[in-house]
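Colleague: Got a predicted structure plus its sequence, pasted below:
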Amino acid sequence: MVDNETTCTKEVEMVEHQMRALSEIQRDVERAATINNVDKLRSLIEELERHTTKEARAIRHRASGSAYLAVSEYTHAVEHFEYALNLYRDLRDQQAEAHLVRNIGTVYMETGDFQRAIEHYDRALQLFEIAGDKRGEASTCGNIGIVHVRLDDYPSSLTYVERALSIYVEIGEKAGEARAVSSLGTIYFSIGDLERALREYERAIVMHTDIGDAIGAAAAACNIGSVYYRTGDYLHAQEYFTRALRMYEETGHKTGIVIVTGNLCELMLKLGDVVGAEAMLSKQSAMPMNDPEVRSTYYGNLATVSEIKGDQQQAHDHLHSALRTAEESGLRERSADVYRLLRDLALRQNNLQEYVQYNDAFTRITEEIRGREATQKLAMMEADRKIQSERKEREKEKTVLYSTLPKHVADRVIRGETISDHFEHAAVFFSDIVGFTSHSSEMDAPDVVRLLETMFRSFDELCAKHGITKVKTIGDAYLCFKGDEGGSRNAQAVAAFAVELQSATRQWPNGEPLQLRIGLHIGTATAGVIGTDRLQYDVWGDTVNVASRMESSSEPGRIQISEAFANALARTHTQAPSQEEQDTTEDSAQSPAQTTAPTAELTMAFTTTYRGEVDVKGKGMMKTYWLEEALS
């Protein structure tokens with residue numbers, strides 16, 4: 001007889017065991033939303049339906065909102081975002097709240113409500129800064145920059161977009177970097193710098209394509225088409241508009257489809273293809289036009305078609321619809337353009353009164369824009385100078401960091417990380433120069449500096465070759481370590497480094513041989529960056545102390561290694577070491593006669609010779625070995 005209750009319980013336990021952690025799913029949601037991957041978002045939504053907690057519901061609604069936003073379903077998007085926002089507030093998750101507030105701001109931006117968009121973005125930016133969320137801060141700055149473009153405030157836009165770009169570069173966020181570069185193109189397009197706009201858009205399309213962001217690549221293609229249209233290169237404009245339309249249709253991005261359809265309509269009218277333009281207008285009319293500039297342009301294109309067909313009154317009515325839409329949204333440049341079209345229509349109708357009325361309005365707004373453009377041009381120049389100055393300062397800071405810290409550590413510092421690392425199997429190298437004090441006392445100071453500079457530069461090069469992290473020099477001593485792999489591999493790399501150093505021929509200026517004394521040990525260690533004005537990456541722990549004792553009790557021209565280090569080399573096989581071998585340092589007293597490399601990447605083999613027990617300060621008697629030459 002089957003126990004249904006027990007079977008059901010086991011099935012539930014199995015499902016729960018198979019479910020991924022919510023933190024992992026949330027990271028996937030964020031990544032999918034960043035590159036507008038709707039299919040991935042829908043898959044994650046299905047996965048989240050198996051979770052029943054409040055946090056799971058919040059993540060699911062956030063993912064649903066992102067999916068709807070990606071396909072321009074704004075009403076559904078804001079419904080899900082606001083539902084998720086309330087759940088996150090109940091959960092007191094301020095960082096998630098910031099993401100939702102920003103997403104709602106994006107909905108308002110896409111629907112032309114720029115004031116509410118700015119309000120939400122400012123709040124989100126404040127929350128991200130409090131949380132120390134660099135990625136969120138950058139994304140919000142980029143969005144604020146886009147809104148300022150729509151409001152014709154280009155200096156503010158440039159400041160925010162450059163701030164976003166700088167953060168994205170520092171944290172290595174390629175998708176955000178691509179969006180920021182595209183936004184730079186839009187700023188330069190808006191102020192008439194078409195050459196620079198085209199350069200930024202071309203960079204953006206490559207970056208979006210490389211990371212698989214089809215919607216971002218489509219937007220960049222559409223923008224490139226607009227640059228070519230503005231310069232009168234209609235053939236290339238049509239090529240890029242058509243390419244963008246195809247990409248938008250493949251992804252189902254409704255806002256993108258309606259925008260590029262309008263662009264193609266304008267292009268066809270410019271080329272005299274009225275039938276093609278009407279087809280585009282018919283297609284556009286069946287789609288939601290949330291963007292006020294898109295709606296105003298749509299009415300303007302309807303007016304052009306109506307006049308071509310001889311219906312000037314209908315053309316007049318369409319132009320007034322275009323004007324009303326532009327003025328309600330504060331689109332001053334678009335308003336001036338519509339007044340110009342109304343003025344020219346009045347002239348063709350021999351309506352002098354309306355001609356004067358529309359011309360006065362066109363002239364007034366145009367002069368306001370020109371005056372504002374002159375002011376903004378100066379402001380743009382000042383903003384650009386400030387940005388370039390800040391960029392140079394950051395480059396100086398990076399140069400200093402790269403000159404004082406290992407590159408991989410400097411990269412992490414630049415990204416804003418606090419460096420505090422723990423290593424279970426740190427293979428530590430210590431060396432000093434035999435007889436340095438007596439020999440250097442007989443040399444001129446510049447000669448001593450040159451000697452050490454030449455020698456330690458060769459040490460640094462070998463560290464890079466073997467994947468070892470240089471820590472510092474202390475007088476004539478040199479300290480470095482490797483802790484990023486398993487114990488066997490770390491020991492193998494440091495042993496190869498030590499043997500290569502020891503086998504090199506060096507001389508003092510008087511012709512006497514220059515010898516090194518080297519000590520190696522392996523074990524746990526802690527490393528981190530200390531200091532404020534002068535940063536330094538250092539490593540600490542008993543392992544470092546023992547390595548120093550191995551060096552000081554070594555002999556000229558020899559490499560003394562601890563028993564732990566010898567055992568780590570002994571676990572090096574012709575096959576890759578097991579997980580246990582990577583993670584465990586055994587205490588066997590066996591002395592291997594020969595060790596070989598774990599993989600084809602490490603081909604050196606070594607001979608070790610038991611030295612005996614050595615009295616090590618602070619440790620007592622320790623078994624040590626000599627590391628001999630590498631075998632072929």
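Modeller: In hand now; what should we look at?
Colleague: Any figure for the gap between A178 and V38?
Modeller: 18 Å (Cβ to Cβ, to the nearest Å). C-beta: built from backbone N, CA, C; applies to glycine.
Colleague: Looking at those two, which has the bigger crowd around it?
Modeller: Neighbours per residue, other Cβ atoms under 10 Å: of A178 and V38, the larger number sits with A178, 25 against 19.
Colleague: Could you report the neighbour count for the nearest residue to the more buried one once chain neighbours are set aside?
Modeller: The spatial neighbour of A178 that comes closest, neighbours along the chain excluded (Cβ to Cβ, 6 or more residues apart in numbering), is M207 at 3.7 Å. Neighbours of M207 under the rule other Cβ under 10 Å: 21.
Colleague: now do A77
Modeller: A77 has 23 neighbours, counted by other Cβ under 10 Å.
Colleague: cool, the one 5 residues further on as well?
Modeller: Residues near E82, counting by other Cβ under 10 Å, number 16.
Colleague: R102 too?
Modeller: By other Cβ under 10 Å, 23 other residues sit near R102.
Colleague: tell me which element it falls in.
Modeller: Secondary structure assignment for R102, by DSSP states H and E: helix 94-110.
Colleague: thinking again about what came up before, so the residue nearest to A178 versus E177, what's the distance?
Modeller: For M207, the distance to E177 - Cβ to Cβ - is 7 Å.
Colleague: again with V149
Modeller: For V149, the distance to E177 - Cβ to Cβ - is 18 Å.
Colleague: which one of these two has more residues nearby?
Modeller: E177 (23 against 20).
Colleague: Buried ones in stretch 537-551, by neighbour count?
Modeller: 537, 539, 541, 543-551 (16 or more other Cβ atoms under 10 Å).
Colleague: Please apply the same query to stretch 270-289.
Modeller: Under the neighbour-count criterion of 16+ other Cβ under 10 Å, stretch 270-289 has 277-278, 280-281, 283-284, 289 buried.
Colleague: Next step: these restricted to strands.
Modeller: Judged by DSSP state E, strands contain none of these.
Colleague: With distance to S440 and pLDDT as extra columns, can I get those in a markdown table?
Modeller: Below are these laid out as a markdown table (distance: Cβ to Cβ, whole Å; pLDDT from 0 to 100):
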| residue | distance to S440 | pLDDT |
| --- | --- | --- |
| A277 | 85 | 94 |
| E278 | 89 | 94 |
| M280 | 82 | 94 |
| L281 | 86 | 94 |
| K283 | 83 | 92 |
| Q284 | 82 | 92 |
| M289 | 80 | 87 |
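Colleague: residue contacts, I224?
Modeller: 198, 201-202, 205, 240 (Cβ atoms under 8 Å, 6 or more residues apart in numbering).
Colleague: So it: helix, strand or coil?
Modeller: What DSSP: H, G, I helix; E, B strand; the rest coil gives for I224 is helix.
Colleague: Over to the one 4 residues further on?
Modeller: When the structure is reduced to helix, strand and coil (three-state DSSP), Y228 reads as helix.
Colleague: Strands of the stretch 301-450 of the chain, start to end?
Modeller: Using DSSP state E, counting those that start in this stretch, the strands found in the stretch 301-450 of the chain span residues 420-433.
Colleague: Run through it and note the low-pLDDT ranges.
Modeller: Along the stretch 301-450 of the chain, the model assigns pLDDT under 70 to residues 370-391.
Colleague: swap the cut-off to 80 and go again
Modeller: 369-404, 414-418 (pLDDT under 80).
Colleague: mind listing the helices in it by residue range?
Modeller: 312-328, 332-348, 352-404, 407-414, 436-440, 445-466 (DSSP state H, counting those that start in this stretch).
Colleague: right, so of those helices, which gets closest to G145?
Modeller: helix 352-404 (11.5 Å; Cβ to Cβ).
Colleague: Please dump the helices of the stretch 301-450 of the chain into TSV; it should also carry mean neighbour count for every row.
Modeller: Below are these laid out as TSV (neighbours: other Cβ atoms under 10 Å):
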stretch	mean neighbour count
helix 312-328	19
helix 332-348	19
helix 352-404	14
helix 407-414	16
helix 436-440	14
helix 445-466	14
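Colleague: Reformat these as CSV; add distance to S420.
Modeller: Shown next, in CSV, are the helices of the stretch 301-450 of the chain (distance: least, Cβ to Cβ, whole Å):
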stretch, distance to S420
helix 312-328, 55
helix 332-348, 53
helix 352-404, 17
helix 407-414, 11
helix 436-440, 33
helix 445-466, 22
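Colleague: So which of those helices is nearest R42?
Modeller: helix 312-328 (34.1 Å).
Colleague: G132 is nearest to which of the helices of the stretch 301-450 of the chain?
Modeller: It's helix 407-414; of those, that one is closest to G132 (Cβ to Cβ) at 15.0 Å.
Colleague: Kindly export the closest one (C-alpha atoms) in CSV.
Modeller: C-alpha atoms of helix 407-414 as CSV (Å, rounded to 0.1, in the frame of the first residue of the first chain):
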residue,chain,number,x,y,z
LYS,A,407,47.4,45.4,-11.2
HIS,A,408,44.7,43.0,-10.1
VAL,A,409,44.6,44.7,-6.7
ALA,A,410,44.6,48.2,-8.2
ASP,A,411,41.7,47.2,-10.4
ARG,A,412,39.7,46.2,-7.4
VAL,A,413,40.6,49.4,-5.5
ILE,A,414,39.4,51.5,-8.5
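Colleague: Show me the contact partners of that helix.
Modeller: Here helix 407-414 makes contact (Cβ under 8 Å, 6+ apart) with 170, 398, 401-402, 404-405, 419, 469, 529, 535, 537.
Colleague: Kindly recompute the last result at 10 Å.
Modeller: By Cβ atoms under 10 Å, 6 or more residues apart in numbering, the list of residues contacting helix 407-414 from outside reads 169-172, 394, 397-406, 417-419, 421, 464, 469, 484, 527-529, 535, 537.
Colleague: What score does the residue nearest in space to the middle of the chain have for pLDDT?
Modeller: Nearest residue to the geometric centre of the chain (Cα atoms, centre = their mean): E173, 1.0 Å. If you check E173, the pLDDT there is 89.
Colleague: you'd agree it is up against T34?
Modeller: Yes - under the criterion of Cβ atoms under 10 Å, E173 makes contact with T34 at 8.2 Å.
Colleague: what residues do these two have in common as contacts?
Modeller: With Cβ under 10 Å, 6+ apart as the test, E173 and T34 both reach 135, 139, 179, 211.
Colleague: can those residues go into a markdown table with extra columns for pLDDT?
Modeller: Shown next, in a markdown table, are the shared contacts of E173 and T34 (pLDDT from 0 to 100):
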| residue | pLDDT |
| --- | --- |
| R135 | 89 |
| S139 | 91 |
| R179 | 92 |
| I211 | 91 |
